[in-house]
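Visitor: Take this sequence and fold it.
(3 chains)
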Amino acid sequence: MSWTDERIDKLKSLWGQGLTASQIADELGGVSRNAVIGKAHRLGLESRPSPVKAGDGAAPAAPAAAAASAAPVAPPPAPPRAEPPAPRPAPAAAAEPVRAAPPPRPAPTPAPEPVRAAPAAAPSANAAGAAPAAPAAGAAPAGDQPVYRSIGPGGFQRQQPGEQQAPIPPAPPRRLVPAKPAPEFADKTSLLDLSDRICKWPIGHPGEPDFHFCGDPVNPGFPYCVAHCGLAYQAQLPRRDRRPPPLPFGGPRR
DNA sequence: CCCTGATTCGC
DNA sequence: GCGAATCAGG
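Guide: As a prediction, this is how the structure comes out:
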């Protein structure tokens, strides 16, 4: 396969839509993922966030590469690609990539505050109980008994060198109280209100004060109401048949 | 392991 | 110019 104008156009288009190189390669057929990437770069297409250099601008200077080519001439200090933070705003607006369109995932439950904290299972004896031999004031330990010094309400600390042990962490003086539903959410659909019959579409964001769920009756067979199904599900045609103007969502059930 | 994009380098 | 091989992070 060669890079005809058509194929190049398609590559540009798909690349611009955010499809991965693999997907584009599938779409085009006859080329490998590498070929797509190579071509894209040669075309000067805007690079996309790579898992390799995703993070901050920690420019990983001249990487391996040079290894193979036993470069006789020492490469100069070489400013490692002063690539600026690339303000890639992403087209987003119009052409939402049909495929990778991240539907506002039904937020996996916002973890409603751990009401019941750890059972405080067995931090093996907290303060009170296990402390070996509380030293009554001046109680002189007989013989080679280690000496303990109270370090507060949490426990004791050995004083003899060589016999060290992490002090027992004081138990948190907190009293755990069952969470009560904030009154201002009374009419909102909370996590606890979710069921098979009501729309679980999240409204707002977990952690925000007014986060709640849609709560409308579901589109039977779906976790969301009809309206939100429209947002959550988008028609996914077989690759071969996909065309730029994507069909409206809400296609027939599988 | 899988995936990803970037890069190199022989062709 | 092309793309397999390789790298490196998720």
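
Visitor: pLDDT below threshold where in the stretch 51-200 of chain A?
Guide: A:51-186 (pLDDT under 70).

Visitor: if we go to 80?
Guide: Across the stretch 51-200 of chain A, residues meeting the criterion (pLDDT under 80) sit at A:51-194.

Visitor: Buried ones in the longest helix seen in chain A, by neighbour count?
Guide: Identified as the longest helix of chain A according to DSSP state H is helix A:5-17. Applying a neighbour-count criterion of 16 or more other C-beta atoms under 10 Å, one finds A:Arg7, A:Leu11, A:Leu14, A:Trp15, A:Gln17 buried in helix A:5-17. In short, each C-beta sits where N, CA and C put it, glycine included.

Visitor: pretty sure the third one is touching A:Glu27, no?
Guide: Yes: taking contacts as C-beta atoms under 8 Å, A:Leu14 lies within contact range of A:Glu27: 6.0 Å.

Visitor: how about A:Ile198, what does it touch?
Guide: The contact partners of A:Ile198, taken as C-beta atoms under 8 Å, 6 or more residues apart in numbering, are A:Thr189, A:Phe213, A:Cys214, A:Gly215, A:Asp216, A:Pro217, A:Val218.

Visitor: What of A:Ile203?
Guide: A:Asp210, A:Phe211, A:His212, A:Phe213, A:Cys214.

Visitor: Give me the distance between the two termini of stretch A:211-231.
Guide: Stretch A:211-231 has an end-to-end distance of 18 Å (criterion: C-alpha to C-alpha, to the nearest Å).

Visitor: Tell me which residues of it come out buried.
Guide: Residues of stretch A:211-231 classed as buried by neighbour count (16+ other C-beta under 10 Å): A:211-216, A:218-219, A:222-225, A:228-229.

Visitor: Would you check which pair of these lies furthest apart?
Guide: Using C-beta to C-beta, the buried residues of stretch A:211-231 span at most 22.2 Å, a distance reached by A:Phe211 and A:Asn219.
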